[in-house]
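Asker: sharing a model that was predicted from the sequence below.
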Number of protein chains: 2
Amino acid sequence: MSDAIPSRPTSRDVAQHAGVSQATVSLVLGDRWRGRVSPARAEAVRAAARELGYRPNLAARSLRLGRSRTVLVVVPSLTNEFFARMHAGAVRVAAGEDVGVVLYPSPEGVGPARDPFASASATLDGVLASSMAVEALAALREGGLPLVMLDSEPHGTASATVNPDIAAGMRLVAAHLLGLGHRRFAHIAADVDSWTFRVRARVLAGELASVPGARLVRTERAPIAVAGGLAAATRVLEATGPHRPTALVCDDDMLAVGACKAVRRLGLRVPEDVSVTGFDDLTVATAVEPELTTVALPAEELGATGMRALLPALAGGPAGTTVLPVTLSRRGSTAPPTGP
Amino acid sequence: MSDAIPSRPTSRDVAQHAGVSQATVSLVLGDRWRGRVSPARAEAVRAAARELGYRPNLAARSLRLGRSRTVLVVVPSLTNEFFARMHAGAVRVAAGEDVGVVLYPSPEGVGPARDPFASASATLDGVLASSMAVEALAALREGGLPLVMLDSEPHGTASATVNPDIAAGMRLVAAHLLGLGHRRFAHIAADVDSWTFRVRARVLAGELASVPGARLVRTERAPIAVAGGLAAATRVLEATGPHRPTALVCDDDMLAVGACKAVRRLGLRVPEDVSVTGFDDLTVATAVEPELTTVALPAEELGATGMRALLPALAGGPAGTTVLPVTLSRRGSTAPPTGP
DNA sequence: CTGAAAGCGCTTACAG
DNA sequence: CTGAAAGCGCTTACAG
């Protein structure tokens, strides 16, 4: 009695079963048989493969071909809905091109402490990385693979960069609030040193500076979370007293949700006393009441476009920067200011 | 002038550089050299590897060893925070054991339409799958790999099952609401046919049946989303009129958030007129106001425990079912009923 | 303590 | 139209 596990069938087993050579099996199953193998034998091979439940050994294929049709996707955190949606877009495009995706979630906030390539379970053909801090980039470049960056500093060393139009988004926010009549603003900024947040800060300051009477009363940095926004907005409102800002511009929807809670805990109302805006348009933006006015970033499309840019880069295609348009979702958390 | 891409160094290159054989390189870098290679040569190998920037070809290693130290994680959707957290837990444990994780996000709601193994970018050693519909299981079993199921029917064909104590969670909800004095309930159920939601429905009905005077006025099914909960709760409240339920028990936090919105749109208050409970304790539960009373499921721990169960199963370890405890997070969305 | 050799399963020239 | 052979890079007995 043998308890040997029945090992999975190889292409050699299929060949024997069909009475052909291994080369013929490879040709037929790889769909490169036309004009080289007779239809009858091709069908015999397919039947044998089906019957044996044959699945090609991908490790062997990768080794032989020197490429794996596998791409590494690096995101700061999948529990952030923005990155989860970006990942979904990338996976969708990759699947359509028969390319596999391996995910490397770098430890929350810390950046990719460990070497992503050490944990890569397959040989990799390219890398799609999002919103990384600058230092983190070095480790990625080290692999020497085609690299597409998302939501990151353009004109870097990457093969290509795909960004949402962050500057336009912040301009939409500023124009919306200025149009409603707001003049005293505070910026609840994400406590992350990356291109995307530097742009938000710079553009907001610039837009307000260009309007007489408007001013940025205060900027508070906070970790991206409801609690972070709550604490930062509380600091702003308590420190500024009666001349408090009438609009809190937040770098992220989670921060905005926290800011709304802070406003109410201080006995004020959103949006009558204080308007609040977010960024991202995550599910939470329409879960809370009032719903958030926020910049809708095309997260899914960002991942999809990034993957579309990476695939030609795998073959040595050209670099470039793509900018995707964004829109403002106007909802209940903003209104004209009341009072002085 | 050659434009040949400098191909990445192999273990043979390292061997030449260090003046040793390939076997010695393998022994040293695999840390199995003690007592077999002299310390001086070992150091020479390490230096050569460092200098050349050597990275082992994982495809070749997998092919040779017949295993890949890679596990497939199958989840319905990563944009659902519950699964993202579960995934994070699984990845954390895997990383500690030097095991790679390949993710298969089966298309939202539809179950894994395509063959997960076709898209697997590496040879796989095992599968960790969550909350799958029954039909989906078949495709997974087909791989013949060790399989650990999460949040699923126990005593199935899986190597092991790891579940949160869903029944206990629903009992906590029922006891909490009954204790507050509620007697008329509605169940906003997830529109998904899986073990976890069947248990919730069965236990809720059972608990209420055992209390004289208490009854389940109505059950409405809804897709898991804010909009789904809003629509379902609206149907319940409009259909039941003055004898409406005083408590809406929801299968999920997103449904509960939607239910809260429905209550308010009908001119009622949460929790004074209608109490609402959720399930999962996602970020959104404390983002909304009032914050949700909900069952806290240990999503991260579920993934981690599942991975810990899978690793010995890779070596043919024993099967079994593990049940993880859950707690009730009591917050502002529940209160004693008022009125008739 | 060290190295030469075999072989994992696949695909691709090459020879018939 | 078909098959025998080589080789991708690694690890592991095995022989010295």
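Answerer: Done, it's in.

Asker: okay, now the unreliable bits of the stretch 51-200 of chain A?
Answerer: Across the stretch 51-200 of chain A, the ranges flagged by pLDDT under 70 are A:106-122, A:132-143.

Asker: apply 50 and report the result again.
Answerer: Applying pLDDT under 50 to the stretch 51-200 of chain A picks out residues A:108-114, A:119.

Asker: which parts of it are helices?
Answerer: A:58-65, A:81-96, A:116-119, A:134-142, A:166-180, A:195-209 (DSSP state H, counting those that start in this stretch).

Asker: out of these, which gets nearest to A:Ala225?
Answerer: Closest approach to A:Ala225 among these (Cβ to Cβ): helix A:81-96, 12.7 Å. No exception for glycine: its C-beta is placed from N, CA and C like everyone else's.

Asker: now do that closest one: everything it contacts.
Answerer: The contact list for helix A:81-96 (Cβ atoms under 8 Å, 6 or more residues apart in numbering or on different chains) reads A:71, A:73, A:75-78, A:100-101, A:103, A:128, A:130-131, A:150, A:280, A:282-284, A:297, A:299-308, A:311, B:78-79, B:81, B:84, B:105, B:114, B:119.

Asker: if you set the cut-off to 6 Å instead, what comes out?
Answerer: Contact with helix A:81-96 is made by A:73, A:75, A:78, A:101, A:128, A:280, A:282, A:299-300, A:302-304, A:307-308, B:78-79, B:84, as judged by Cβ atoms under 6 Å, 6 or more residues apart in numbering or on different chains.

Asker: ok, now stretch A:234-246?
Answerer: Contacts for stretch A:234-246 (Cβ under 6 Å, 6+ apart): A:His182, A:Arg184, A:Phe185, A:Ala186, A:Val217, A:Arg218, A:Glu220, A:Ala262, A:Leu266, A:Pro337.

Asker: also stretch A:17-32?
Answerer: Residues contacting stretch A:17-32 (Cβ under 6 Å, 6+ apart): A:Ser11, A:Arg12, A:Val14, A:Ala15, A:Trp33, A:Arg36, A:Val37, A:Arg41, A:Ala42, A:Ala44, A:Val45, A:Ala48.

Asker: look through the stretch 101-250 of chain A and state the residue closest to DNA strand D.
Answerer: A:Thr123 (9.0 Å; Cβ to the nearest atom of the strand).

Asker: what is the neighbour count of that residue?
Answerer: A total of 25 residues lie near A:Thr123 under the criterion other Cβ atoms under 10 Å in any protein chain shown.

Asker: and it, what is it in contact with?
Answerer: Taking Cβ under 6 Å, 6+ apart, we find A:Thr123 in contact with A:Ser62, A:Ser68, B:Leu58, B:Ala59.

Asker: residues contacting the third one?
Answerer: To tie it back to what came earlier, the one meant is B:Leu58. By Cβ under 6 Å, 6+ apart, the neighbours of B:Leu58 are A:Thr123.

Asker: tell me, how many residues neighbour the closest residue to A:Trp33 other than its chain neighbours?
Answerer: Closest residue to A:Trp33 apart from its sequence neighbours, by Cβ to Cβ, 6 or more residues apart in numbering or on different chains: A:Leu27 at 4.4 Å. For A:Leu27, the number of neighbouring residues by other Cβ under 10 Å comes to 19.

Asker: from A:Arg46, how far out is A:Leu27?
Answerer: Going from A:Leu27 to A:Arg46 by Cβ to Cβ, to the nearest Å gives 12 Å.

Asker: A:Arg244 too?
Answerer: 73 Å.

Asker: out of the two, which sits in the more crowded spot?
Answerer: Legend: neighbour count by other Cβ under 10 Å for A:Arg244 and A:Arg46, higher for A:Arg244 (21 against 17).

Asker: let me see the confidence value for that one.
Answerer: In this model, A:Arg244 is scored at 94, pLDDT.
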